[in-house]
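# below are the sequence and a predicted model for it; my questions follow.
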Amino acid sequence: MQPSQRFADLMELPAAAVPLDEAAFLIAAHAHPGLDVGAQLARLDNLAARCPEASRDGVLAHLFGTEDFRGNDADYYDPDNSMLDRVLDRRRGIPISLSVVLIEVGRRLGVPFTGIGAPGHFIVRHEDSGVYLDPFNGGRVLDPTERARLYGAAPLEPSDSIAIVSRMLANLKAIYAQRADADSLRWVIRLRVLLPGAPASERTELKRLLAHLN
């Protein structure tokens, strides 16, 4: 099945049933044609299997210590920071892609993490302890005082798989627009049109980009 069709099929599922890892790899498959999504999912399986301790601290030590995942400060706006296959290759990413790695490795080990779309950032909450973590900065724990200073006192709402995928695509749209990369913008907006509740403006923009091919 083509990545676009599989992505469309996933976006028709209830948000709770959407496999975040597969959806993220399907985005990458549009940037890297021929990407074997099944093989990439197996890489996450293997990454989780190498974790010696199925606990919050064990997963954090494994990913951000032994495996050396970290935020890409040197080239934050590199599109590969949003492509989960390249994040696994390079051990570098942006907050949301590193959060996806943490969430999905945790899920495989029975350690529940939830993505949190904080203002201007993306963090993760460990559900058993309620602790907030910053994957971009080595999985650092955010204490309540720091969290309130950064994000205010209002509760931080969890992001489901569709919300996370939408934010990943929004990041890529902004990057490709800044680079005037029309070819990449076309596939990103094609995927954004498939999101539940996609605004009409996305379809209008896609038509405009496709018109330039005629």
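Right, received. Where do you want to start?
# and the helices in this protein, which stretches?
Remark: helices assigned in the chain by DSSP state H are 3-11, 20-31, 37-49, 56-61, 84-90, 95-109, 144-151, 161-178, 182-193, 200-211.
# what about the protein, any weak spots by pLDDT?
199-200, 203-204, 206-207, 210-214 (pLDDT under 70).
# residue 157: how many residues sit nearby?
For residue 157, the neighbour count with other Cβ atoms under 10 Å is 11. Just so you know, the C-beta spots here come from the backbone N, C-alpha and C atoms, and that holds for glycine as well.
# list the contacts for it?
By Cβ atoms under 8 Å, 6 or more residues apart in numbering, residue 157 lies in contact with 116, 117.
# could you redo the last one with a cut-off of 10 Å?
114, 116, 117, 118, 163 (Cβ atoms under 10 Å, 6 or more residues apart in numbering).
# quick one: the last one from residue 19, how far?
Using Cβ to Cβ, to the nearest Å, residue 163 is found at 14 Å from residue 19.
# next: the fourth one.
With distances taken as Cβ to Cβ, residue 118 is found 23 Å from residue 19.
# again with the second one
To residue 19, residue 116 is 19 Å away according to Cβ to Cβ.
# more neighbours: those two, which one.
Counted by other Cβ under 10 Å, residue 116 and residue 19 do not tie: residue 116 has more neighbours, with 20 against 15.
# related to what we said a few turns ago, would you mind giving the contacts of residue 157 as JSON lines with distance to residue 192 added?
Formatted as JSON lines, those follow (distance: Cβ to Cβ, whole Å):
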{"residue": "114", "distance to residue 192": "23"}
{"residue": "116", "distance to residue 192": "22"}
{"residue": "117", "distance to residue 192": "16"}
{"residue": "118", "distance to residue 192": "22"}
{"residue": "163", "distance to residue 192": "13"}
